[in-house]
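*Asks:* starting from these lines, generate the structure:
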Amino acid sequence: SLRSIRKNAHVVLVALVRKSLVLKNEKDVTSILTSGFNKIIVETCNKNVWIKELQQLEKEEVAMRSMLAQQDAVLAALDKTKDLVIITDLKHNIQNKTAYYMNKSGSVILGYGVEDVINKPLAVFHQLCDIDQITKKLEKNIEWDGKVSWKCKSGEHVYLHCRASPFRSFGKETTNYIYIQESIVDVHGFPRGSVPSIRKGSYDLKSINSDGAQSARRQSLAKLHNLPLEAPITKVISLICTAQENSNDQVVQILDKVVDILRVTELYSSHLKTENIKYDDPVTSDLIGALITQGPVHVTSTRRSSNDSATVKSQPYGLGVAKMNFMTSVTPQIKELLDMSLYWDFNVFKLEELTMKRPLVHLGMNLLTHFEVHKTLGCDERTLHAWLTVIEGHYHAKNTYHNSTHAADVLQATAMFLEKDRIKRLLDQLDEACCLIAAITHDIDHPGKSSAFLCNSKNDLAILYNDISVLESHHAALTFKLTTKDERLNIFKGLEKDTYKVVRQNIIDMILATEMTKHFEHLAKFVSVCNKPSTLDEAPVDGLTPSEVSPETIMPTSAEEVNLVKRMLIKCADVSNPTRPLKMCVEWAKRIAEEYFNQTDEEKLNHLPVVMPMFDRASCSIPKSQIGFMDYIINDMFETWDSFIDMPEMLYYMRSNYQYWKDLEEKGTISFNDICKMVTTTLPKIPESSGNH
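*Replies:* Numbers count the residues shown, from 1 in each chain. Take a look at the predicted model:
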């Protein structure tokens, strides 16, 4: 048949025959049409007849073939999407509906072939849990949205977030129902780095066996069990997850609700029951609400619709001011370097050298305008530049590590994370602005000493903040003090009052999240929330090995869950040094070691408690310190973060750097001076230390 030729699938084929052929034998006409021709035209010399025939072909056959071609394109696109799509016919009794179509993802996730579902009742592979509710909605031409349970060919069940929609292909009545389920696995796979996992006994998120619908739940449990430290709430959630594995669907759903309740920040914070308060007694409601609420009153929700933009005043600050072309004021070398600012191997030390130790202003303007932060906040670029200049001026250039170069490095990592598809789908423009601002200011006015040092030395900041989160509290407070005291650099001036509260709350929350004393708390919460057991069940993926399957968790939805992601984002950006290319990793190791050595020197000089006695410049082993830091802080956190954002180059550098430090350790203790010699040959020098900063 002519139609079996691929390129002829949607071509309109016309057979031109003599009149005698049509009159003599009808079988010949039938055979011509059967072979693939769309139409038979009898020879004629009449021009008008030809024109009419062509017009008829254009209106009928060509139009129909065009529609079929578009339909094939849609079906091809559906087979490429990771969402599970099922199209059924229309019956009053939904149990008797017949499946008309299921895409490739549906076959992979549920385990059924196309032949298993075509012309079969939907009940064969759908556990009819909310069927009445779905039916009522669809019969009223209303979309239904919720979780449903699908029965796999293996007998297992998977819970998927489903959107059921009525569809009208012709006429005024509904002709089909379309089910779209958000997939919990990437059915097309993604190539990963070949460097093996670092720690023996540590969870390798890409290599855990995927042997059925419970595998992803076991992955979540593995992450919880393998955290270096374990909180009581982690034990509780692990026990509940274990109980869910062998429970029926109803019990699983109930336990899911229990886990959601346990994930809130303050389990014992009181909340008013609205049914116990009279609506006509607002005074009582306000009074009791104020009395039982601790701390400042937060905005009810920090989340907005993805279609909403940041709420700015009707006449935003800077409206009408000429746009400042920042890029015209930089050298060609700086501009060329900034063009690489969204690559993980971006050389921030080169930028430090080219800008005479003012990298934050240059990189800040480049990335903030890239994300259009000035438009989101309702300010102009001149205000943005003035703000960055003041912020960078309050970083201490004499610090070997906690200076504006570190802030620029954290900003660049934050921008990289914000560019990942998973994060882009989760955060809106105001979230992005908050993340970037928090990264820029997270260590402002850092004295080059730890909070413990400030407490031991009875520093004014320690007294002011009662020895609690001393540095982080100071960074957050100074950020807003500097920003709001001068109209010329107030980047928040264009925001409405409620929007400003949201921005302030988010920035403070992220800066406070960089406190390392709460590292394991933040990590455990992130693992438990972003790997919810009820949403991670998955069927085995045909044709892929377990190490090739990278299960994608359900997107966080609540404000608290999104906040957890933002905390993890800035935490990873803050300590990303071991995941950078080797030369940068070694330079950062040298700089942080020098700063710690300075603190130890000053503690000994002033007879203060030595916070980190191992960081003595005469005896400290840099490789051992880096291996320990990576073992207990970096490896688990970045394995977890990579499983969420999918950034294989980050893990590649982390694992190769770890092996580099291990090799140095095996060769013997490497002194600080040896590390300095290794670094100075390839990277710019850092300020000489006086030992008493």
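
*Asks:* residues touching the nearest residue to residue 482 once chain neighbours are set aside, list them.
*Replies:* Among residues not flanking residue 482 along the chain, residue 390 sits closest, at 5.8 Å (Cβ to Cβ, 6 or more residues apart in numbering). The way it works is simple: take the backbone N, C-alpha and C, and place the C-beta from them, glycine included. The contact partners of residue 390, by Cβ atoms under 8 Å, 6 or more residues apart in numbering, come to 482, 486, 489.

*Asks:* return the distance of the last one relative to residue 442.
*Replies:* Pointing back at residue 489 there. Computed as Cβ to Cβ, to the nearest Å, the residue 489 to residue 442 distance reads 18 Å.

*Asks:* neighbour count for these two, which is higher?
*Replies:* residue 442 (27 against 21; other Cβ atoms under 10 Å).

*Asks:* would you confirm that that one contacts residue 571?
*Replies:* No: Residue 442 lies out of contact with residue 571 (Cβ atoms under 8 Å); the separation is 10.1 Å.

*Asks:* what residues are shared contacts of the two?
*Replies:* With Cβ under 8 Å, 6+ apart, residue 442 and residue 571 have common neighbours residue 514.

*Asks:* burial count for residue 483?
*Replies:* What residue 483 shows, counting by other Cβ under 10 Å, is a neighbour count of 20.

*Asks:* any idea which element residue 475 lies in?
*Replies:* Using DSSP states H and E, residue 475 falls within helix 470-484.

*Asks:* contact partners of that helix?
*Replies:* Under Cβ under 8 Å, 6+ apart, the answer for helix 470-484 is 387, 390-391, 394, 437, 441-446, 450-451, 454-455, 459, 461-462, 464-465, 489-492, 504, 507-508, 511-512, 514-515.

*Asks:* list only buried entries from these.
*Replies:* 387, 390-391, 437, 441-446, 450-451, 454-455, 459, 461-462, 465, 489-492, 504, 507-508, 511-512, 514-515 (16 or more other Cβ atoms under 10 Å).

*Asks:* other SSEs contacting the longest strand along the chain?
*Replies:* Counting by DSSP state E, the longest strand found in the chain is strand 157-167. Under the contact definition 3 or more Cβ pairs under 8 Å, 6 or more residues apart in numbering; DSSP states H and E, strand 157-167 sits against helix 104-110, helix 131-139, strand 144-151, strand 176-181, helix 249-262.

*Asks:* and of those, who's closest to residue 41?
*Replies:* strand 176-181 (36.3 Å; Cβ to Cβ).

*Asks:* so how far is residue 427 from residue 416?
*Replies:* Taking Cβ to Cβ, one finds residue 416 at 14 Å from residue 427.

*Asks:* quick one: end-to-end distance for stretch 332-348.
*Replies:* By Cα to Cα, to the nearest Å, the extent of stretch 332-348 from end to end equals 16 Å.

*Asks:* list of residues touching it?
*Replies:* By Cβ under 8 Å, 6+ apart, stretch 332-348 touches 327, 330, 350-351, 354-355, 359, 362-363, 366-367, 370, 405, 408-409, 412, 415-416, 419, 580-581, 584, 647, 649-650, 653.

*Asks:* flag every buried residue along it.
*Replies:* 334, 337, 338, 341, 344, 346, 347, 348.

*Asks:* pLDDT wise, what is the first one at?
*Replies:* pLDDT, residue 334: 95.

*Asks:* repeat that for the second one.
*Replies:* At residue 337, the predicted lDDT confidence score is 96.

*Asks:* after the host helix or strand of it, next one along is what?
*Replies:* Element membership for residue 337, per DSSP H and E: helix 332-338. The helix or strand immediately downstream of helix 332-338 is helix 348-354, counting by DSSP H and E.

*Asks:* C-terminal to that next one, what's the next element?
*Replies:* helix 359-370.

*Asks:* avg pLDDT for that following helix?
*Replies:* 97.

*Asks:* next, the buried residues of it.
*Replies:* Buried, per 16+ other Cβ under 10 Å, within helix 359-370: 359, 360, 361, 362, 363, 364, 365, 366, 367, 368, 369.

*Asks:* in a helix, that's where residue 11 is, yeah?
*Replies:* No: counting by DSSP: H, G, I helix; E, B strand; the rest coil, residue 11 falls outside a helix, being coil.

*Asks:* begin at 14 from now on, thanks
*Replies:* All right, first residue 14 from here; so that's residue 24.

*Asks:* ok, and the closest non-adjacent residue to it?
*Replies:* The shortest distance from residue 24 to any non-neighbouring residue, by Cβ to Cβ, 6+ apart, is to residue 78 (7.2 Å).

*Asks:* I'd guessed residue 409 sits against residue 415; true?
*Replies:* Yes: counting by Cβ under 8 Å, residue 409 does reach residue 415; the two are 7.2 Å apart.

*Asks:* of all the helices and strands packed on strand 170-180, which lies closest to residue 391?
*Replies:* Smallest distance to residue 391 across the helices and strands packed on strand 170-180 (Cβ to Cβ): 33.7 Å, for strand 157-164.

*Asks:* and the helices in the stretch 414-563 of the chain?
*Replies:* Assigned by DSSP state H, counting those that start in this stretch, the stretch 414-563 of the chain shows helices spanning 417-431, 434-439, 442-454, 464-469, 473-477, 483-497, 510-526, 532-543.

*Asks:* kindly report the same for the stretch 564-706 of the chain.
*Replies:* Counting by DSSP H, counting those that start in this stretch, the helices of the stretch 564-706 of the chain are 572-587, 595-618, 635-642, 648-658, 661-679, 685-693.
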